[in-house]
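**Q** Sharing a model prediction with you, sequence too.
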Amino acid sequence: MSPDTKQPAAAAPHGGVKIMVWPDGTWCWQDEYCPADYASMSDDFEIIDMDDMPRVERLARDHAQLCDDILNELH
């Protein structure tokens, strides 16, 4: 029997970081979301997994200022 030569899967580079984005550009980290804080907001939000590159690229293309705000908070 030959040894298993499969490499372990690499960890996701962003560790499952997700953001919630509303159509008006409001956003928050999903793990910090508290419904009471956003009671005045619609339920029409999108959850974007930062490991889902097509969605992140679309977010960057459609909401450049929002992406800049997120990057500034990360630093």
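**A** Received, thanks.
**Q** Quick one: neighbours of residue 26, just the number.
**A** 13 (other Cβ atoms under 10 Å). In short, each C-beta sits where N, CA and C put it, glycine included.
**Q** I'd say it and residue 42 touch.
**A** No: in this structure residue 26 lies outside contact range of residue 42 using Cβ atoms under 8 Å: 9.8 Å.
**Q** Quick check: the gap between residue 46 and residue 27.
**A** 10 Å (Cβ to Cβ, to the nearest Å).
**Q** who's more crowded, those two?
**A** Remark: of residue 46 and residue 27, residue 27 carries more neighbours, 20 against 13, as counted by other Cβ under 10 Å.
**Q** what's the closest non-adjacent residue to that one?
**A** With sequence-adjacent residues excluded and distances taken as Cβ to Cβ, 6 or more residues apart in numbering, residue 27 is closest to residue 21, at 4.7 Å.
**Q** Now do the contacts for the one you found.
**A** The contact partners of residue 21, by Cβ atoms under 8 Å, 6 or more residues apart in numbering, come to 27, 45, 46, 48, 59, 63, 66.
**Q** can you pull out the strands in the chain?
**A** 18-21, 27-29, 46-49 (DSSP state E).
**Q** To residue 75, which of those lies closest?
**A** Proximity to residue 75, assessed across the strands of the chain by Cβ to Cβ, is greatest for strand 27-29 (14.8 Å).
**Q** Give me the below-cutoff pLDDT ranges for the protein.
**A** For the chain, the stretches with pLDDT under 70 are 1-15.
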